[in-house]
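[1] next one to model:
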Amino acid sequence: MESLQREPTIVEQAYRAILDAICDGQLEPGERVTQEDLAAKLAVSRQPIGQAMLLLKQQKFLIDAGRRGLMVAPLDHEFMRWIYELRLGIEPLAASLAAQHATPEAVRRFEEIMVEGRDAAQRNAIPDLIRADMRFHTYLYELSGNGLFVDVMGGLWNHLRRAMREVLARREYRKAIWQEHEQIARAIAEHNPQVAAALVRAHLTHAAISVQVALPPPVPEDA
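    This is a model prediction of the structure:
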């Protein structure tokens, strides 16, 4: 029997549309959002919008704004630090395992992703750069052979998308990130687990510093 392809529900479509608007900057941090406005923009009823907003609140993309309802969550330095600490624990191991499992087909896939990334960098296409970066790291998790890496990190990458939009506004970092990706992919292609892990660790350390520099400074609690 062939598997059935399920169409996304209206709630899932609304969730994805609002999430993309938040991650791509169409809805800015601190901006108020209402069921009525979003329903009008997406041409759907309020009910699926409300369900999507509840899920986005649970995932910390939306937060309470008192009587104003909900607003887009500000970028949180501490939360991003937690994500990068987790990545530093997971991704060097994923790279080490990927280097042990790499096939010629895997090497070709990395090359295709890097072509996408370098092309996006030349065009200064930030959304395309972010998508290519996500593909690179997600494929690294997949190639490790540990499905938990994909599950754990999958839910966090949308938060990373928001921070990366700020970081990639800096032209010099756009070039550096793909040079580092190329070095990582080469170590994996050469089946060198130790070098692959070390390069990923250095890459993430560099990225974490760039994120903390690029994010808006935290608002003092008594402000």
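
[2] surely residue 192 touches residue 98?
    No - with contact defined as CB atoms under 8 Å, residue 192 does not reach residue 98; the gap is 10.8 Å. In this view, the C-beta of every residue, glycine as well, is placed from N, C-alpha and C.

[3] quick one: contacts for the most centrally placed residue in the chain?
    Closest to where the C-alpha atoms of the chain average out (CA atoms, centre = their mean) is residue 157, at 2.9 Å. Residues near residue 157 by CB atoms under 8 Å, 6 or more residues apart in numbering: 134, 137-138.

[4] so which bits of stretch 136-148 are buried?
    By 16 or more other CB atoms under 10 Å, the buried positions in stretch 136-148 come out as 136-144, 146.

[5] please narrow these to those residing in helices.
    Using DSSP state H, the members of the buried residues of stretch 136-148 that fall within helices are 136-144.

[6] tell me where the protein has strands.
    Assigned by DSSP state E, the chain shows strands spanning 32-33, 62-64, 70-72.

[7] closest to residue 216 out of those strands?
    Across the strands of the chain, residue 216 has its closest neighbour in strand 70-72 (13.1 Å, CB to CB).

[8] ok so, going back, next, format the contacts of residue 157 as TSV and append pLDDT and distance to residue 176.
    Formatted as TSV, the contacts of residue 157 follow (pLDDT from 0 to 100; distance: CB to CB, whole Å):
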residue	pLDDT	distance to residue 176
134	92	17
137	95	16
138	94	20
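
[9] of those residues, which is the nearest to residue 61?
    residue 134 (16.4 Å).

[10] where do the domain boundaries of the protein fall?
    What automatic domain parsing lists as the domains of the chain is 10-72, 77-214.

[11] which stretches in the chain count as helices?
    Using DSSP H, helices in the chain cover 10-23, 35-42, 46-58, 77-101, 104-122, 126-144, 147-154, 157-167, 171-189, 193-214.

[12] can you lay out these as JSON lines showing distance to residue 71?
    Putting these into JSON lines (distance: least, CB to CB, whole Å) gives the following:
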{"stretch": "helix 10-23", "distance to residue 71": "11"}
{"stretch": "helix 35-42", "distance to residue 71": "12"}
{"stretch": "helix 46-58", "distance to residue 71": "10"}
{"stretch": "helix 77-101", "distance to residue 71": "16"}
{"stretch": "helix 104-122", "distance to residue 71": "30"}
{"stretch": "helix 126-144", "distance to residue 71": "23"}
{"stretch": "helix 147-154", "distance to residue 71": "25"}
{"stretch": "helix 157-167", "distance to residue 71": "14"}
{"stretch": "helix 171-189", "distance to residue 71": "29"}
{"stretch": "helix 193-214", "distance to residue 71": "22"}
